[in-house]
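[1] 3D, please:
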Amino acid sequence: MASPSYLQNATNDELARMVTALTEELWILRDRVMTLEQVLEDADVVTVDDVDLHEPAEALGTRLRRERQRVIHKVLGAPLLVAR
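    A predicted model of the protein is given here:
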């Protein structure tokens, strides 16, 4: 099965739009996570330090590594495949 060719006809403006849209979405997620952390801390459920210092159990660590690799492949995979 051939990979889609995302960048074959892409212009600099289209690429800049994509990066800008991704940056906006990333900021929305960071803003919400930081807000959620503060709400949890204000409610004495968990502190931001608890989140920062948390060491995931083996099962969660495995899930996080797998998800990180999936995202890396999804985001960076297309340009890397096209560059070959």
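
[2] Who are the packing partners of the lengthiest helix in the chain?
    Identified as the longest helix of the chain according to DSSP state H is helix 12-42. When contacts are defined as 3 or more C-beta pairs under 8 Å, 6 or more residues apart in numbering; DSSP states H and E, helix 12-42 sits against helix 48-53. All C-beta spots, glycine's among them, are computed from the backbone N, C-alpha and C.

[3] Give me the distance from the following helix or strand past the helix it packs on to the chain's centre.
    Stepping forward along the backbone from helix 48-53, the first helix or strand reached (DSSP states H and E) is helix 58-83. Between the centre of helix 58-83 and the centre of its chain there are 10 Å (C-alpha atoms, centre = their mean, to the nearest Å).

[4] quick one, helix 58-83 and helix 12-42 angle?
    Angle, helix 58-83 to helix 12-42, by axes from the mean of the first three to the mean of the last three C-alpha atoms, to 10 degrees: 170 degrees.

[5] Restricting to C-alpha, output stretch 40-51 in PDB.
    Taking only C-alpha atoms (Å, rounded to 0.1, in the frame of the first residue of the first chain), the coordinates of stretch 40-51 have been written out as PDB:
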ATOM      1  CA  LEU A  40      -7.300  20.100  40.800                       C
ATOM      2  CA  GLU A  41      -4.800  21.900  43.100                       C
ATOM      3  CA  ASP A  42      -7.300  24.400  44.200                       C
ATOM      4  CA  ALA A  43      -9.700  21.600  45.100                       C
ATOM      5  CA  ASP A  44      -6.900  19.900  47.100                       C
ATOM      6  CA  VAL A  45      -7.100  16.800  44.900                       C
ATOM      7  CA  VAL A  46      -3.600  16.900  43.600                       C
ATOM      8  CA  THR A  47      -0.800  19.500  43.300                       C
ATOM      9  CA  VAL A  48       1.000  20.500  40.200                       C
ATOM     10  CA  ASP A  49       4.200  19.200  41.800                       C
ATOM     11  CA  ASP A  50       2.400  15.800  42.200                       C
ATOM     12  CA  VAL A  51       1.800  15.700  38.500                       C
END
